[in-house]
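Quick one, what's the 3D model for this:
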Amino acid sequence: MENYSRARVVEQPCVSPFAGLPADTPEVRVRDGSKIRNLLRFALSRLEVGLGRLLFSASGRAVSKAITCAEVVKRRLKGLHQLTRLAQSTVLEVWEPLEAGAGLDSLTVSRKLPAVWILLSREPLDPEQPGYQAPGPCRLVSVTQEAVGPTP
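Numbering: from 1, shown residues only. Next up is the predicted model:
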């Protein structure tokens, strides 16, 4: 590959697995360079205004960041139902030869990346669907002096 340079990268968009969502459902597209605090600010503002649903979508290295954001939102706003879908997105890389007269052809490399969609909803979702998670119990965790131990 030392005789080639990457000319362009084209990420082919995945079709959302939630086809029946209303058009006004906000989507948070998580990228690798996205800041979690900015994503959380946007997501919490949309859910606190009264919108009942929110969709997180991510692919590649941003998948873990999307999962983290969804879990933090679920902890801050109790009673959210979750539906998760997994898929693959395709990325095409086009490599051009460094020297045009060397007799080398352009290369196209196709890679598959993991993708995730996480739907958070205040309204109950179908619990029979794969990937459904019911709202967790609303427990408050408190630290008592006995649990921590005596102070020195």
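
only C-alpha atoms for contact and neighbour calcs from this point on.
Fine.

Please report the distance of Q129 from R37.
Separation of Q129 from R37 (CA to CA, to the nearest Å): 31 Å.

what's the answer for A66, then?
From A66 to R37 the distance is 12 Å (CA to CA).

And for S45?
Taking CA to CA, one finds S45 at 12 Å from R37.

rewinding a little: more crowded one of A66 and R37?
Legend: neighbour count by other CA atoms under 10 Å for A66 and R37, higher for A66 (26 against 10).

thinking the more buried one is in contact with V30, fair?
Yes: counting by CA atoms under 8 Å, A66 does reach V30; the two are 6.0 Å apart.

Between the two, which contacts overlap?
Jointly contacting A66 and V30 under the rule CA atoms under 8 Å, 6 or more residues apart in numbering are 56-58.

what would these look like in TSV with pLDDT?
TSV is the format used below for those (pLDDT from 0 to 100):
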residue	pLDDT
F56	96
S57	95
A58	95
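
For the chain, just list every one of the helices.
Assigned by DSSP state H, the helices in the chain fall at 36-48, 63-76, 145-148.

Indicate which one of the ones you listed is closest to Q133.
Nearest to Q133, of all those, is helix 63-76, at 10.9 Å by CA to CA.

and the helices of the chain, which is most packed in?
helix 63-76 (a mean of 17; mean count of other CA atoms under 10 Å).

what ranges do the strands span in the chain?
4-12, 27-30, 53-59, 81-97, 107-121, 132-133 (DSSP state E).
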